[in-house]
Each structure stands twice: as structure tokens, then as C-alpha cells.
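> model this:
(one chain, ligands or ions: 1)
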Amino acid sequence: MTRKIGYARAHTNIALIKYWGKKDHELFLPMNSSLSLTLDAFYTDTQVIFDSSFAEDTLTINGELQPSDEINGLVRFLNVIREKEQTDLKAHVISHNIVPTAAGLASSASAYAALTGAIAQAFNWQLDHQALSRIARRGSGSATRSLFGGFVEWEMGVDDETSQAIPIDDAQWDIGMLVMILTRQKKDISSRVGMQHTVETSPFYTNWVETAAQDLKQMKAAIYRQDFQTVGELTEHSAMKMHATTFSANPPFFYFEPETIHAIRIIQALRKQGHHIYYTLDAGPNLKVLGKRSELESVRQALLEHYSSDQLILTQAGPGMRQLSADEWASLYPTREEDTSHDH
Ligand code: 2P0
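A predicted model of the protein is given here:
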């Protein structure tokens, strides 16, 4: 009997310069380099078990076994791993998403970064985080960036060996994020489908690619000199340019809901009143507000006039992927019987 087990934790990240579009769907090579901030408050803990007695791959999230027809992406990723490792062992993946509320913010970024870390431990790979980021990329593009903490660049590269994450800055300065949960509605166009449709049909898409390179360069320079205002302005600009490509796709689509516009107006009004805040949003209607860490509590207080406290989650820069020990896992998730290795 062969049995390999690993455990890891990875935090989610929010892109300040967005990734939007692939040039290679098999290798997940992006059309542009991106840059994100890893967040402290949201993360995924994952255990992986490869066992010769398993008949199929399974995924359990927060104690719930996922339907087998909804784990195609995971199986595809595990096939990449099996090919690398020259094995046909099936895997059981057990994940816990740690999100302060039922915010729907559990992302594929933290999921695939944690899974990659757990797999590396299971097979005893001696690879650094940059090498692991290239593997996580094969699960989900944004997972590339979750291997590292703080500000992280995903350098688009030209092939499998060069498309990887680079840590830019640990973000241990006066910067943080306030996540606004505006609606719990599920998005109907996944980012994977949305970005592809945009690449294929938006006449604005070439401008997106051309300007993203310049934005990224300016963003890195602003981070290095801790120039909060420029970081914020570039963040907002990148998000709105990304969303403009969805409005200009054919047929058009967008991730904004009425609550999104309403919240943007509130952020703009607070900024006029002197708050140093900038918004960004991803393939969904919720806003993430970039602010100075020392000021975000007063921003939260101001927003409490419009929102309930469970809609407003304050967080700061988080760390990179870290492997967990079996003991740590057992003390974190003591009552779960996930490691029983019975197939049904
Ligand atoms: C980002 N997003 O940079 C961008 C901005 C959403 C909007 O990366 O197809 O789940 O798995 O590579 O990484 C979300 O897309 O897409 C994303 P795949 P992913 O964060």
C-alpha cells in the first residue's frame, strides 16, 4: 500500500494590477503580468492524501463532499501532478476555507496555492516557493501569486518555466484593505469564461494588454517608495480598465450590481471628505477598498452608516504559503474523520 500525505495553508490575494486573459489555456500563461496583495484574513487549509486504495479523486470543502461532476478542474490539476510525479495514485483533498463571514470570498487562489504546498509535502519535493508558484499556476492563474505574502508580481513569462510569482515587498507598512460584502449573489459568469470571451470579442482588449505593462511598472515603483496615493490610483484605474473590457465585449457582460455602483459613490464621497481610500473589484460585485492601515478603522466607522458590521471586513497584508505538520492539522481540525481513507 502506498500512502502520501501533506498539509498546507495559503492566503488569498487581491490583484491591484489585474490578470485578465490567457494566451495559453493549457499552461495558464496570462496575456499580461499582474500584481497583488496577499490578505491576512482569508485563507485555505488543505490536506491531501494520495493512496493506492482510492478509486477516484475527491474534494471535501468545509466538511462537505463536492459532487464529482463539479471537480473537473481539480482532477485536471491532479493529472498534471500525476504526470510530473509519474504516478497514478488518486487523491482525496480536504480543504477548510477560513473566511470571517460566509462572504463567498474563498478563492481558487488560496485553494490551489495550499493544495500545491500540501502536494509538495506529500511527495517530499525540494522546491522553493517560486518553483511551486509555477505549479499552482496550472490550477488557477491567481494561485500563482498566493505562494508569497505581501505584494507579489506574477511575471507572465513566455513559457511554463518563466511564468511565475516574484515577491515585491512584504507590505509591512501603512497599507491595508477593507472588504465590502455588498451582495451574496453568486456570479453567473466565471472569470475563466469571462476573460476568454473578452479576449475574443472586446475591441478594447489590445489597449488593456498594452497599458497593463506600463501600469505594472509604475505600480512597482510606487510600492518601492511606499507612495500610497499612486498605488491607490493605479489600483482603481486597473480595475476599471479590466471591467471596461467586459462592457465592450460582444455580447457585453459585466460584474457590477446596483449595490456596486452605490458603494463606489460612497467611497468617492468619503474620499472627497479626506479619506485616503481607493476601490477595486474582481469577477464579482463586491468592493475591496485599499486604504492606510492606520486609517481604515475610521473608514469602517464611516461605512457603518450604510452597512452592517458583518459586511465590512478589515484586513492587512498576509503571509505566503506555509506547510503544516500533521500535529498542527490535528489540533486545528480535531473532530473531523477525513483521514479514514475508505472509498465508497
Ligand atoms: C486577478 N481575477 O488578477 C483577476 C482579476 C479576477 C479578476 O484571477 O481561469 O480564478 O483559474 O486562471 O485566477 C480570477 O481568475 O482564473 C482572477 P483562472 P482565476 O485576480
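> Same question for the nearest residue to residue 179 once chain neighbours are set aside, what's its three-state structure.
Nearest non-adjacent residue to residue 179, counting by CB to CB, 6 or more residues apart in numbering: residue 313, 4.4 Å away. Just so you know, the C-beta spots here come from the backbone N, C-alpha and C atoms, and that holds for glycine as well. Classification of residue 313 using DSSP: H, G, I helix; E, B strand; the rest coil returns strand.
> Could I get the pLDDT score of residue 313?
Looking at residue 313, its pLDDT reads 95.
> cool, residue 344 as well?
pLDDT at residue 344 comes out at 36.
> cool, residue 338 as well?
pLDDT, residue 338: 52.
> Same check on residue 185?
On the pLDDT scale, residue 185 is placed at 73.
> Kindly report the same for residue 277.
Model confidence at residue 277, given as pLDDT, is 98.
> swap in the one 10 residues further on?
Predicted confidence (pLDDT) at residue 287: the value is 96.
> how about it, what does it touch?
Shown in contact with residue 287 (CB atoms under 8 Å, 6 or more residues apart in numbering): 179, 180, 182, 260, 263, 264, 267, 279, 280, 281.
> backbone phi and psi for the fourth one, please?
In terms of degrees, to the nearest 10, the main-chain angles of residue 260 are phi -70, psi -50.
> what about this structure, any weak spots by pLDDT?
100-104, 106, 187, 336-344 (pLDDT under 70).
> what two of the contacts of residue 287 are the furthest from one another?
Put simply, by CB to CB the two of these set farthest apart are 179 and 264, 14.7 Å from each other.
> If you count surrounding residues, which of these two has more?
Using other CB atoms under 10 Å, the more surrounded residue of residue 179 and residue 264 is residue 179, with 22 against 16.
> Now do the SS call for the more buried one.
strand.
> so how far is residue 194 from it?
From residue 179 over to residue 194 the distance is 21 Å, taken as CB to CB, to the nearest Å.
> Can stretch 227-235 be said to contact the ligand?
No. Judged by CB under 6 Å from any ligand atom, stretch 227-235 stays clear of the ligand, getting no closer than 11.6 Å.
> Please enumerate residues in contact with that stretch?
Stretch 227-235 has contacts (CB under 8 Å, 6+ apart) with 16-17, 174-175, 215, 218-219, 222-223, 276-278, 280, 290, 292.
> From the residues you listed, list the buried ones, please.
Applying 16 or more other CB atoms under 10 Å to the contacts of stretch 227-235, the neighbour count classes 16-17, 175, 215, 218-219, 222-223, 276-278, 280, 290, 292 as buried.
> So which of the residues you listed reach the ligand?
Counting by CB under 6 Å from any ligand atom, no member of the buried ones among the contacts of stretch 227-235 reaches the ligand.
> hang on, the earlier thing: can I have the buried ones of the contacts of residue 287 as a PyMOL selection?
To isolate the buried ones among the contacts of residue 287 in PyMOL, judged by 16+ other CB under 10 Å, type:
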select buried, resi 179+180+182+260+263+264+267+279+280+281
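> can you put the contacts of residue 287 in JSON lines and add distance to residue 25?
Shown next, in JSON lines, are the contacts of residue 287 (distance: CB to CB, whole Å):
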{"residue": "179", "distance to residue 25": "30"}
{"residue": "180", "distance to residue 25": "32"}
{"residue": "182", "distance to residue 25": "31"}
{"residue": "260", "distance to residue 25": "29"}
{"residue": "263", "distance to residue 25": "33"}
{"residue": "264", "distance to residue 25": "32"}
{"residue": "267", "distance to residue 25": "35"}
{"residue": "279", "distance to residue 25": "30"}
{"residue": "280", "distance to residue 25": "25"}
{"residue": "281", "distance to residue 25": "24"}
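> Okay, and which of the contacts of residue 287 map to helices?
Those of those mapping onto helices are 260, 263, 264, 267, per DSSP state H.
> any idea how far the closest residue in space to the second one that isn't next to it in sequence lies from residue 200?
When you say that, I think you mean residue 263. Closest residue in space to residue 263, ignoring its immediate chain neighbours: residue 287 at 5.0 Å, by CB to CB, 6+ apart. As judged by CB to CB, residue 287 and residue 200 stand 28 Å apart.
> Thanks a lot, see you next time.
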